[in-house]
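Peer 1: sequence and predicted structure are below.
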Amino acid sequence: MKNLQITEWCGHFIREQVREGDLCIDATMGNGNDTLLLSRLCGETGRVLAFDIQETALENTKKRLLSAGAPCNYTLILDSHINISHYAKPESVSCIVFNFGYLPGGDHQKATRSATSIPAMEQSLTLLKKGGLLSLCIYSGGDSGFEERNAILLWLRGLNPGKFLVIRSDYYNRPNHPPIPILVIKL
């Protein structure tokens, strides 16, 4: 087995979930890696909505998608993920991806915060269709994320086990607050 980074680990399950024609959301587009993956997976007949509050993220993502020859099935949205429910209907989305923290290579002061991330995830659960997947990569440590990490984990623990399956994995022997990958499946 190869050494898996958190995005590769989550990507494995995203690939198992998303099918041609699906509607998917990248709630924290960053540099566009997940947007590209979702675009390729849902294909010409699918659709991807990607959100970020930083213009730089939209520019980086647009360049990545164009240079990779991604299908023209995406909409890049300069808006907070807290407004995610304004862009999709309930129970219409196959997969929603969140990477919590800050834009890689960006300003660490512009990071996700639990005050918006938790309401965005709450809305996401209503947007997911039955069997839908919420993929979370929780980055913490240093100058970002301990408060957000702890709040998200507490919120996840409280999800109704009759409606959602929460799978948490850990990079148990890695130093320096390794990221936490989490999958939430709507039952």
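Peer 2: Okay, I see it.
Peer 1: buried stuff in stretch 58-68?
Peer 2: 58, 60-62, 64-65 (16 or more other CB atoms under 10 Å). Using the backbone N, CA and C atoms, a C-beta is placed for each residue, glycine as well.
Peer 1: for those residues, which one is nearest residue 72?
Peer 2: Nearest to residue 72 among the buried residues of stretch 58-68 is residue 65, at 8.7 Å by CB to CB.
Peer 1: contact partners of stretch 5-13?
Peer 2: Contact with stretch 5-13 is made by 4, 33-34, 37, 97, 99, 133, 135-137, 169, 171, 178-181, 183, as judged by CB atoms under 8 Å, 6 or more residues apart in numbering.
Peer 1: for the strand or helix carrying residue 122, packing partners?
Peer 2: Taking DSSP states H and E as the criterion, residue 122 maps to helix 114-127. Judged by 3 or more CB pairs under 8 Å, 6 or more residues apart in numbering; DSSP states H and E, the packing partners of helix 114-127 are strand 93-100, strand 128-138, helix 146-157.
Peer 1: now these in JSON lines, with mean neighbour count, distance to residue 24 and mean pLDDT?
Peer 2: Below are those laid out as JSON lines (neighbours: other CB atoms under 10 Å; distance: least, CB to CB, whole Å; pLDDT from 0 to 100):
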{"stretch": "strand 93-100", "mean neighbour count": "26", "distance to residue 24": "5", "mean pLDDT": "94"}
{"stretch": "strand 128-138", "mean neighbour count": "20", "distance to residue 24": "9", "mean pLDDT": "96"}
{"stretch": "helix 146-157", "mean neighbour count": "15", "distance to residue 24": "21", "mean pLDDT": "91"}
